[in-house]
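Student: Take this sequence and fold it.
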Amino acid sequence: MIALLLLAIALSMDAFAVAIGLGAKHRQDTTKIAVMAGVYFGVFQGLMPLIGYLGGRSILEPVHD
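Tutor: From the prediction side, this is the model:
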């Protein structure tokens, strides 16, 4: 449970840093950029741990033996 909490904090800090950078760069159309950034980060940060889990699980047998 602690590992999941630490992963969530790390991912949220990453997304927050990018949001600050995008907000500082783009002064107009902030709603459109905010929605696009939220969708991109939500999809990719949701998929990457899943891909890592599935990849690690697929090599578990060869490494374990």
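
Student: from here on, contacts and neighbour counts on C-alpha atoms
Tutor: OK.

Student: Do a quick rundown of the helices in this protein.
Tutor: Assigned by DSSP state H, the chain shows helices spanning 2-25, 30-58, 60-64.

Student: what would these look like in a markdown table with mean pLDDT and mean neighbour count?
Tutor: A markdown table is the format used below for the helices of the chain (pLDDT from 0 to 100; neighbours: other C-alpha atoms under 10 Å):
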| stretch | mean pLDDT | mean neighbour count |
| --- | --- | --- |
| helix 2-25 | 84 | 12 |
| helix 30-58 | 87 | 12 |
| helix 60-64 | 82 | 8 |
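
Student: OK, contacts around the residue positioned nearest the centre of the chain?
Tutor: By C-alpha atoms, centre = their mean, the mean C-alpha position of the chain lies nearest to Gln45, the distance being 2.4 Å. With C-alpha atoms under 8 Å, 6 or more residues apart in numbering as the criterion, the residues that contact Gln45 are Leu11.

Student: 10 Å instead, please
Tutor: By C-alpha atoms under 10 Å, 6 or more residues apart in numbering, the contact list for Gln45 reads 8, 11-12, 14-15, 39.

Student: One more: Gly46?
Tutor: 11, 40.

Student: Pull up the gap between it and His26, please.
Tutor: Using C-alpha to C-alpha, to the nearest Å, we find Gly46 at a distance of 25 Å from His26.

Student: Ok, Ala34 next?
Tutor: Distance, Ala34 to His26, by C-alpha to C-alpha: 10 Å.

Student: Which residues are in contact with each of the two?
Tutor: The contact sets of Ala34 and His26 do not overlap (C-alpha under 10 Å, 6+ apart).

Student: Got the phi and psi for His26?
Tutor: Note on His26: backbone dihedrals following degrees, to the nearest 10 are phi -100, psi 110.
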